[in-house]
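Q: 3D model of this:
(one chain, ligands or ions: 1)
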Amino acid sequence: MNTSNKVAIVTGASAGIGKAAGVALLRAGYCVAFAGRRETELNSALASAGADATRGVAVVTDVTNPASIKALFDATVMQFGRLDVLFNNAGIGAPPVDIDELTVDQWKAVVDTNLTGSFLCAREAFRIMKTQSPRGGRIINNGSISAYAPRPNSAPYTASKHAISGLTKSLALDGRKYDITASQLDIGNAATEMTERMTAGVMQANGTIAIEPRMDVKHVADAIVHIANLPLEANVLFMNIMASKMPFVGRG
Ligand SMILES: NC(=O)c1ccc[n+]([C@@H]2O[C@H](COP(=O)([O-])OP(=O)(O)OC[C@H]3O[C@@H](n4cnc5c(N)ncnc54)[C@H](OP(=O)(O)O)[C@@H]3O)[C@@H](O)[C@H]2O)c1
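A: Next comes the predicted model:
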């Protein structure tokens, strides 16, 4: 057990933003549990931290499964002794089709992963953080620009990300008496597998197709480390980080 470092859990750490954030937290001195469904990708994400990987552990986890989430939090506390930061990052979208063509299963897959998964992880984190000594900790939810404005044909994803804003505010309010803070990072167009299709062009609000600028995922990882490192007396409730020239500001 190593108690000299702060301890973080990152969900969806096998790829993209979660992988970059997990590695950045390791490099910043954290002990980090990398969680996701794909074991090989989790292990290679961890290994990409080089020597800092010795402070990490890969835990195969499905955030749609409450028992799997409980096992993740139990394993983390067993190995590292406490929990200081949860980054609720795992997320998916649904096919971009008219809402009448969406199946209930497609809707539920997005809500179960993005919203209920974040609730279940926050619930486990809350339980640990309110009773550990020293008490408290920080929950960082991955929102999106879609927490403010939808893309065309994105009802499940947009609804889940709007709901995350409510979860963040509730956690921030209810956590006060236990020294638990909650933050939300609203990202726009980080270069990951999820946004790869933007390089070929994606539908805009007016129906045209346009290639969109993306930013290096490292800027997101740096933002996570900044929020994680704040003392518990200070909080970033909402932070937006986006590709400067993506269509959002100025109605497009
Ligand atoms: N990229 C952007 O510009 C952008 C913008 C706004 C918000 N976001 C948000 O950022 C988060 C990560 O996105 P990304 O761009 O990094 O996407 P990504 O490259 O597709 O990575 C998604 C991650 O989520 C994990 N995941 C999906 N379902 C899971 C489940 N049931 N249980 C555990 N892990 C699961 C995946 O791991 P496994 O497949 O191994 O399980 C993977 O590690 C999402 O919440 C997304 O909505 C991204």
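
Q: what residues does the stretch 51-200 of the chain put near the ligand?
A: Counting by Cβ under 6 Å from any ligand atom, the residues of the stretch 51-200 of the chain close to the ligand are 61-64, 89-92, 113, 142, 144, 187-190, 192-195. For glycine as for every other residue, the C-beta is placed from the backbone atoms N, C-alpha and C.

Q: Is there a quick PyMOL command that grabs whichever of these are buried?
A: Listed next is the PyMOL selection for buried residues among those, using 16 or more other Cβ atoms under 10 Å:
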select buried, resi 61+62+63+64+89+90+91+92+113+142+144+187+188+189+190+192+195
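
Q: mind showing which ranges of the stretch 101-250 of the chain have poor pLDDT?
A: Residues of the stretch 101-250 of the chain meeting the criterion pLDDT under 70: none.

Q: So which residues of it form helices?
A: 104-110, 117-131, 155-174, 218-229 (DSSP state H, counting those that start in this stretch).

Q: Take the ones you listed and lay them out in JSON lines including mean neighbour count.
A: Shown next, in JSON lines, are the helices of the stretch 101-250 of the chain (neighbours: other Cβ atoms under 10 Å):
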{"stretch": "helix 104-110", "mean neighbour count": "14"}
{"stretch": "helix 117-131", "mean neighbour count": "20"}
{"stretch": "helix 155-174", "mean neighbour count": "19"}
{"stretch": "helix 218-229", "mean neighbour count": "19"}
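
Q: Identify whichever of the ones you listed lies nearest to residue 245.
A: helix 218-229 (14.0 Å; Cβ to Cβ).

Q: And the closest one, how far out from the chain middle?
A: How far helix 218-229 lies from its chain's middle: 12 Å, per Cα atoms, centre = their mean, to the nearest Å.

Q: ok, now stretch 105-123?
A: How far stretch 105-123 lies from its chain's middle: 12 Å, per Cα atoms, centre = their mean.

Q: just stretch 22-32 next, same as before
A: Put simply, stretch 22-32 sits 15 Å off its chain's centre (Cα atoms, centre = their mean).

Q: Likewise for stretch 69-81?
A: Chain-centre distance of stretch 69-81: 18 Å, with Cα atoms, centre = their mean.

Q: what about it, average pLDDT?
A: Confidence for stretch 69-81, expressed as mean pLDDT, is 98.

Q: does residue 195 really touch residue 189, like I thought?
A: Yes - with contact defined as Cβ atoms under 8 Å, residue 195 reaches residue 189; the gap is 5.8 Å.

Q: Overlap of the contact sets of those two?
A: 212, 214 (Cβ atoms under 8 Å, 6 or more residues apart in numbering).

Q: got the residue ranges for the strands in the chain?
A: 7-11, 31-36, 56-60, 85-88, 137-142, 180-188, 202-203, 209-210, 238-242, 247-250 (DSSP state E).

Q: Looking at the ones you listed, which is nearest to residue 169?
A: strand 180-188 (7.7 Å).

Q: May I have the closest one exported as PDB, CA atoms only?
A: Output in PDB follows, covering the C-alpha atoms of strand 180-188 (Å, rounded to 0.1, in the frame of the first residue of the first chain):
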ATOM      1  CA  ILE A 180     -16.100  16.600  -1.200                       C
ATOM      2  CA  THR A 181     -16.000  18.900  -4.200                       C
ATOM      3  CA  ALA A 182     -17.300  18.300  -7.700                       C
ATOM      4  CA  SER A 183     -16.200  19.800 -11.000                       C
ATOM      5  CA  GLN A 184     -17.200  19.500 -14.700                       C
ATOM      6  CA  LEU A 185     -14.900  19.800 -17.700                       C
ATOM      7  CA  ASP A 186     -16.800  20.700 -20.800                       C
ATOM      8  CA  ILE A 187     -14.600  19.800 -23.800                       C
ATOM      9  CA  GLY A 188     -15.000  20.700 -27.400                       C
END
